[in-house]
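> task: produce atomic coordinates for the following.
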Amino acid sequence: MSYYSADSIDDSSANHSTLEALYPTEFLNTIPMPGLPDHKLSLKIGVPIMLLRNLDPSRGLCNGTRLIVTQLTNRVIEDFFLGMDSLATLQSITPGQQTCKVVGRLLWLWDAINVKSKFANPLISIDGVILDEHGNMAQLSVPKRFQKQFRPLLTEGNVYMFTDVAAVDIKNKTYVYHYQNYMLQFKKNTKVHQLETRGANIPKFSFKFCPFDKLPEMDIMTRPLQDMIGVISHVGPFEYASPTSQHKLRIIKIRNLDEQTQEIRLWGKHGKAFDEEAVLKKSQEGIVVGIFAGVTAGNFLGKLTISSNSATTIYIDLDTSEVNNYQKSYQWATPTLQQQLPQVVYLSPLQAAGKLYTLKEISTLLASSFQERASFSTIAKVQSIVTIANWYKLPITLADESGNLDAIDFSTIAEDLVERDATHTSQNMKIDPSEHVNMLNNAIGHHQPDMQQPRTAVDST
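Next up is the predicted model:
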């Protein structure tokens with residue numbers, strides 16, 4: 001937007017009409033005046049400006065004060081005071097601060113979602129990572145209830161000033177980066193200002209890579225996000241995880257400079273979107289270096305696995321110093337990558353079940369029958385659920401024509417039954433544990449209004 005000066009001859013001049021004829025307004029507009037802006041002042045949101053008068057010294061608004069334009073109207077210019085003392089570095093912030101003001105480049109954004117949710121909108125929050133002018137990084141989070149307010153204002157790669165954000169302790173948070181001991185959480189009154197010139201020297205990419213031998217330490221319940229880098233040595237097909245699984249994945253293997261190999265499981269959209277053809281083509285010319293940002297470490301059947309999640313972003317041969325170092329320092333034989341065909345044949349639950357047993361037959365089996373992970377399949381109705389708060393150990397009662405059988409559902413089976421993710425619900429969404437009882441009862445169509453009653457089996461209706 002442009003603003004114009006109102007130049008004219010002083011009306012009190014004795015020879016006003018003569019001077020006005022000699023010096024028309026168009027000529028006055030061209031005269032530069034010391035201490036005053038030019039006739040035409042062009043501004044846009046996000047540019048820095050400087051005061052040329054002492055407007056309010058008590059508030060720091062003096063000649064020479066720098067500000068950032070936040071809004072432009074016909075008669076008002078709204079600015080934000082760019083006082084260096086009021087800005088916090090990401091390293092100096094501590095958990096619990098409620099009115100932080102920071103400047104940083106938004107490196108990347110993702111939707112933190114509950115992948116197990118059976119509901120239309122599984123969104124938990126909009127999360128991202130920012131990098132400040134001092135090389136420090138921090139995770140930010142926009143709660144679900146504010147997504148419509150802030151999503152249009154955020155774009156990866158831009159530099160922003162965020163004001164009035166809270167520093168929330170991440171001690172019990174799942175699927176977050178541990179750059180700091182906090183994450184920046186948006187509030188209703190948080191302000192987002194895009195900066196045009198400041199922060200131009202902040203890199204567009206920054207990672208904190210986890211060494212392969214440190215991955216076992218990351219196998220903890222909170223599943224902290226990690227960045228991995230390595231030479232791609234294997235590209236598996238996009239196929240079902242197992243004959244009975246409805247989920248698909250692609251297994252990638254990478255090597256570090258010591259030729260250690262690590263397997264990465266790309267689930268769902270990440271496995272499908274992985275450009276296998278392009279990677280195989282690149283491998284004919286030399287090594288291909290992959291960066292897998294935002295992955296997690298876990299243990300499956302005694303084996304350490306690295307898996308993708310909603311935060312994961314994949315970069316191939318990105319132009320960074322770390323990738324360039326790999327390309328120059330990798331001294332081992334170039335991996336031979338070949339297209340792999342799917343091997344897993346999907347089976348329906350009935351096909352995979354094989355022989356079906358009645359509950360009575362299962363109840364009469366000897367204990368030795370269940371050794372070495374032996375399993376038995378049955379078709380039965382969930383008759384009741386014991387409403388306890390621990391969803392990872394969910395007692396239920398099954399029923400079929402042969403009788404009843406008490407059983408316990410563990411881990412993901414329990415979560416699938418009640419259509420809730422225990423970790424996300426209890427830690428991220430902050431649902432009171434007492435509400436778990438209602439949720440379990442709702443899952444079987446029964447409501448228990450008195451929360452003080454003993455927790456016993458409840459018949460479904």
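
> can you list the low-confidence ranges for this structure?
Across the chain, the ranges flagged by pLDDT under 70 are 57-60, 80-86, 115-120, 386-392, 411-412, 415-461.

> find the centremost residue of it, please.
Asp127 (3.6 Å; Cα atoms, centre = their mean).

> point out the other helices and strands that whichever strand or helix holds it packs with.
Asp127 is part of strand 123-131 when elements are defined by DSSP states H and E. Other elements packing on strand 123-131 under the criterion 3 or more Cβ pairs under 8 Å, 6 or more residues apart in numbering; DSSP states H and E are strand 100-113, strand 137-143, helix 147-150. Bear in mind the C-beta positions are built from the backbone N, C-alpha and C, glycine included.

> in contact with the closest residue to Pro342 other than its chain neighbours, which residues?
Counting by Cβ to Cβ, 6 or more residues apart in numbering, Pro342 lies nearest to Glu239, which is 3.8 Å off, once chain neighbours are set aside. Listed by Cβ atoms under 8 Å, 6 or more residues apart in numbering, the contact partners of Glu239 are 248-250, 342-344.

> any idea how far Leu341 is from Glu239?
According to Cβ to Cβ, to the nearest Å, Glu239 and Leu341 sit 9 Å apart.

> overlap in contacts, these two.
Common neighbours of Glu239 and Leu341, counting by Cβ under 8 Å, 6+ apart, are absent.

> sorry, back to before: mind checking which of the contacts of Glu239 are buried?
The neighbour-count test (16 or more other Cβ atoms under 10 Å) marks 248-250 as buried among these.

> picking that back up, the residue nearest to the centre of the chain pairs with what?
Judged by DSSP bridges, the bridge partners of Asp127 are Trp110, Ser141.

> Gln226 too?
Val295.

> ok, it - how many residues close by?
21 (other Cβ atoms under 10 Å).

> contact partners for it?
210, 215, 218, 294-297, 306.

> make a markdown table out of these and add distance to Met183 and neighbour count.
A markdown table is the format used below for the contacts of Gln226 (distance: Cβ to Cβ, whole Å; neighbours: other Cβ atoms under 10 Å):
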| residue | distance to Met183 | neighbour count |
| --- | --- | --- |
| Cys210 | 19 | 20 |
| Leu215 | 22 | 18 |
| Met218 | 18 | 19 |
| Gly294 | 14 | 24 |
| Val295 | 18 | 27 |
| Thr296 | 16 | 21 |
| Ala297 | 20 | 22 |
| Ile306 | 22 | 23 |
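
> quick check: the farthest pair among the residues you listed?
Spatial extent of the contacts of Gln226 (Cβ to Cβ) is set by the pair Leu215 and Gly294 at 14.5 Å.

> for Lys214, which three-state class applies?
At Lys214 the chain is in helix, as set by DSSP: H, G, I helix; E, B strand; the rest coil.

> correct me, but Val69 touches Ser42?
No: the pair Val69 / Ser42 is not scored as a contact, 11.1 Å apart, by Cβ atoms under 8 Å.

> ok, back up a step: now do the strand holding Asp127: everything it contacts.
Everything outside strand 123-131 that qualifies as a contact, by Cβ under 8 Å, 6+ apart, is 90, 102, 104-114, 137-144, 147, 150-151, 154, 156, 160, 162, 176-177, 179, 184, 202-203, 206, 311, 424, 428-429.

> good, wrapping up.
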